[in-house]
Every structure is written in structure tokens, then in C-alpha cells.
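Here you go, sequence then predicted model.
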Amino acid sequence: MRISAAAALSLCLGLAGTVSAQQADIRVDFQQFRLPNGLTVILHRDTTTPTITTNIWYHVGSSRETPGRTGFAHLFEHMMFEGSRNVPEGRIDEWFQEVGGSPNGSTSPDRTNYYQQFSSNALDMALFIESDRMGKLLDAMSEASVDGQRDVVKNERRQSYDNRPYGLADQVLIEALYPATHPYSWPVIGYMDHLSAASYEDVANFFRRYYAPNNASLVIAGDIDMPQARTLAEKWFADVPAGGAVPALQASPPRVSAQKRLRLEDRVQLPRLYMTWVSPAGYAADDAAMLVLSQILTGGKNSRLYKRLVYEQQIADDVGSFQRGLKLNGEFRIMATARAGHTLAELDTIILEELQRIQREPPDGRELQRVLNQYEVSFLEGLERPSAKADQLNEYLFYTGRADYFNEDLARLRKLTPADISRAADLWLQRDARVVLSVVPAGKPELALAGSTPVPSQDLQSSPTARGKAPALPRNGGQAPPPELRAPTPRTTP
């Protein structure tokens, strides 16, 4: 007998309420409390497997950096694995491996997180490590360790951005989409000249300002005893001193009133077309509609753009899209690679045709329901894993102010109508409100869309200021540290 994903989940997790393929009352039981130093702690018990996940979000990403000093949040993603006062260098990975764990971290424009899953008898050790690097990282950090991880980050940039086919496309797009002073206008990994120029004190001041308990939230999920987990959280984190108040990040969404066409020559075999629009912030109005629109356009072989470009007309090798809802605003992107013998102009024409069609004619109910069903099944399947729930609890808390946002998250999708999708597409994806990038093989500029402005690829490692594309700023990026900060193994980033 086959049962729905929602029904299966109710059996596994003990969800409350009426459960059906279309409606599930999701209850993820948890306790939330705040320590006197400001650290928010969330505990969730799931005994499906004898494992525990710890997941900490520091509310600092690349958007908290300043022009002239970028790449610091990602640098600390690496530095936090180098050891602290009571954790010797290299032992974090070793200790977690001994209890079946594999620690990792990631950085985005909005936040940095550190997470690991391990045997349920190792919670005391895990919280000791996490608290020691929160409160005592600087005791072990030195100019030599900063220089070592700075070199690791530079090498990661070379491998994943500068020397990777199409690897510089995202940087080119965001530099064109945002003004130079906007906190989303630089790549998460930073620029080479900023990384090189950063002093030890620059880096240490960044840590003092943002890596404090009052700017973080910790989720402990899995096979835990709730009172014991709370006792351990208080034991290891209560004496970590609070940092200064971190003001809310503020910046207006950029306005693109005229189409921008750019051309980047790269070591690629096939030309690829990128187009990016400003879109709604995460969990804001129309964010859900844009998520669904992305799936309608490119989510699988039955999606509109895949059917036309790849299957029917066979003029593209691939096509994809995404809605990326961030704290301040979002980005909606479509990218397609031309098949040999076909042009980016052909791809552009059909993509615009399909956008115009969905702007004029709402999708039928069956097409919308197919996408909503896919989202719901994926959402519910994710809740079977304590690690996924832990990260989701942190995400909801950060973006909505409420960790218990599961039902509201599904509800915002379920209530969408075909007219909502059409209206959102018309509002956010105007033809002339986009940045369009043609990435073409080196020496073949004619393969780009007509009227595209060339982007010199040889100096993209450096910041726009170093390239003469933005005004020079003071050494510290134009922002002095507050008085209290004026003190006398590589991770992958999604």
C-alpha cells in the first residue's frame, strides 16, 4: 500500500492534527530560551536515530563587511576550524570523527553557520568545542594562522571562481545589479586585494564585533534528553561574554530601470546566457510565488523552458532558474547554455516569450498543483532528518523572528493561485529591469548578445576600486571600529 509523504511523516515524527496529501498540521516540538548573554538556544528531540545535530547560526555574512574589507565572514568560516584556547589546532575534525561526526560550515551574504551530526553520547564534547571557539578563538588566533587561512581562501577563490568555467558569472552579475556600496554588491568569498590588505587587527575586530552570543542562535536537535541538553548549553555558553549591540542591516533594494547587457570571455566551450532581476526578500510577499514560478519555468523535464529549449527545439544543453530570497531583497535568475550551432539570441527570444506568456496567461490549476505537490513532498521529506530540521529552525528564526514557522511556510505556498503567479511574474520580471550576461568562449565576442559591454576578465580577482571602477575608500573601508574593538582543512561555501 502506498501512503502520502505527509502520512508517512506523521508515522515517523508523530505530527499532530489531520494529515492528507494536501493539508498537514506540522508540529515540531521544541523549547526555546535565551541565556543572559543573549544567546538563543532551541532544543528539539527526535529519537529516530541515536544521533544529535548541533547547528549554530552567527548572524553575520558578507553583507556585514565594508567596502574595502570583504571576504572576512568566509575567512572566519575557515578560522573557526583552526582551534581555540582549549581546542588544539587540527583536533576539531579528529574529535568529531571519533564520534561519527563530520563538522562543516557555510557562508552566505546574510549568515555563517557551523553544523555537525554525531553520536548521541558526544553532546558535551560538541558544545564544549562550539563554546570555546565562540568565546576563546582569539586566544589561539595569530598573524600566522590568519595568513595561513588567508592563503587557503585565496586558493579556493582561484579554484572555484577565477579558474572555473563560468565561475565569475555570479560576481559580474551582482556587481552590475547593485551599487558599489550596497552590502550585497561583492562576492561572499571577497576580493584578492581586500584579503591581501587585511591586517590581523582588521580580522580580529570583525570577530569581536559579530561572533558573540547575542548575535547567534544555537539549535540542538536529535536524540537528546531535554533537561540535560539545557543544562549542558548553560554550562558551556553562560560564561561567554556578550558583545556590543549589532544594529539591523539596512539598505534599499537596487533599482534597475534599463536593461544592462554584459559580455564576459572565458575558457568555456559553449556560450551561456544569464539574466538576473531584483526580486522579493526571503519570506516576504511574492517570495513564494517566485519560488513556484522558478519551478514552473525550469523545474524538471515537464517545465516550460526545459520543454521548449532542450526537448522540443533542442537549442540548449541545459536551463535552470532560482529565486534567492535574502534579508534585504531577493534575486531571480535564469541561465541557459546554448547547444553547439545555436546562439544566445535564440535562447533570449524564447525565454522572453515564455515570460511574456505566463505574465499574460496564468498557469492552469494542474500545472500549479504539480509544482506545489513537489514542494510539499520535498518539504516533508526534509523534516525526517534532524539535521535539516535544525537548520530550518535557525532559518525561520533569522528571517521571520519565529522558529515555529513550519505551517506558515507551507501555507504561503498552498494558498497561491494561478493569478498570483502571473501577477508576480509581471511585477518582478520586466524585460528592461534585468541584467543580462553573455559568457562566451575566449576570442569569440560575436557569440554574445548584440550590444553587450565587455567585462575584462583578467582583473576580476581585484575589487572594483582596484580596477578603477569605483572611488577609492579609506583603508578600513570607510568604517572605523567602535572604541571597544580598538584593542592595544578547507571548508566549502555553497
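Arrived safely. Numbers count the residues shown, from 1 in each chain.

Can you classify P253 as helix, strand or coil?
coil (DSSP: H, G, I helix; E, B strand; the rest coil).

Please give the number of neighbouring residues around the residue lying closest to it once chain neighbours are set aside.
In this structure, P253 finds its nearest non-sequential neighbour in N329, 3.8 Å apart by Cβ to Cβ, 6 or more residues apart in numbering. Where you see a C-beta, it was placed from the backbone N, CA and C, and this is true even at glycine. For N329, the neighbour count with other Cβ atoms under 10 Å is 21.

Ok, S84 next?
23.

Hmm, Q149 is touching H74, no?
No: in this structure, Q149 is not within contact of H74 by Cβ atoms under 8 Å, at 10.0 Å.

neighbour count winner among these two?
Legend: neighbour count by other Cβ under 10 Å for Q149 and H74, higher for H74 (27 against 21).

What helices and strands are in contact with the host helix or strand of the more buried one?
Assigned by DSSP states H and E, H74 belongs to helix 72-79. The elements that helix 72-79 packs onto, with contact taken as 3 or more Cβ pairs under 8 Å, 6 or more residues apart in numbering; DSSP states H and E, are strand 104-107, strand 112-119, helix 143-157, helix 200-210.

wait, what's in contact with S387?
53, 55, 115, 117, 221 (Cβ atoms under 8 Å, 6 or more residues apart in numbering).

Need the distance between the two termini of stretch 28-36.
25 Å (Cα to Cα, to the nearest Å).

Show residues contacting it.
13, 40-45, 213, 226, 230, 233-234, 237-238, 383, 389, 393, 403-404, 406.

Name only those of those residues that count as buried.
13, 40-45, 213, 230, 233-234, 237, 383, 389, 393, 403-404, 406 (16 or more other Cβ atoms under 10 Å).

Identify the residues contacting the residue nearest to P241 when sequence neighbours are not counted.
Leaving aside its chain neighbours, P241 sits nearest to N37 (6.5 Å; criterion: Cβ to Cβ, 6+ apart). Neighbour list for N37: 212-214, 237-238, 240-242 [criterion: Cβ under 8 Å, 6+ apart].

run the last query once more with 10 Å
135, 212-214, 216, 237-243 (Cβ atoms under 10 Å, 6 or more residues apart in numbering).

Also Q250?
Q250 neighbours (Cβ under 10 Å, 6+ apart): 183, 328.

same thing but 8 Å
Shown in contact with Q250 (Cβ under 8 Å, 6+ apart): L328.

can you confirm it is in a strand?
No: counting by three-state DSSP, Q250 is located in no strand; its state is coil.

how much space is there between it and E201?
26 Å (Cβ to Cβ, to the nearest Å).

for G468, same thing?
28 Å.

Identify each of the helices in the stretch 51-200 of the chain and give its residue range.
72-79, 91-98, 123-140, 143-157, 169-177, 192-197, 200-210 (DSSP state H, counting those that start in this stretch).

closest to P454 out of the ones you listed?
helix 169-177 (11.0 Å; Cβ to Cβ).

quick one, domains of this protein?
According to automatic domain parsing, the chain comprises the domains 29-249, 260-362+417-456.

would JSON lines of those domains with distance to Y399 be doable?
What follows is these, written out as JSON lines (distance: least, Cβ to Cβ, whole Å):
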{"stretch": "domain 29-249", "distance to Y399": "8"}
{"stretch": "domain 260-362+417-456", "distance to Y399": "5"}
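
how about these in TSV, adding distance to L397 and mean pLDDT?
TSV is the format used below for the domains of the chain (distance: least, Cβ to Cβ, whole Å; pLDDT from 0 to 100):
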stretch	distance to L397	mean pLDDT
domain 29-249	6	96
domain 260-362+417-456	12	97
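
Nearest to F379 among those domains would be which one?
Here domain 260-362+417-456 is closest among these (Cβ to Cβ), at 11.2 Å.

what's the most buried one of the helices of the stretch 51-200 of the chain?
helix 72-79 (a mean of 26; mean count of other Cβ atoms under 10 Å).

Please report how far the closest residue to Y311 other than its chain neighbours lies from D318.
Using Cβ to Cβ, 6+ apart and skipping the chain neighbours, the partner closest in space to Y311 is K301 (6.8 Å). Between K301 and D318 the computed distance is 12 Å (Cβ to Cβ).

ranges for the strands of the stretch 251-400 of the chain?
Ranges of strands in the stretch 251-400 of the chain, per DSSP state E, counting those that start in this stretch, are 260-266, 272-279, 316-325, 330-338.
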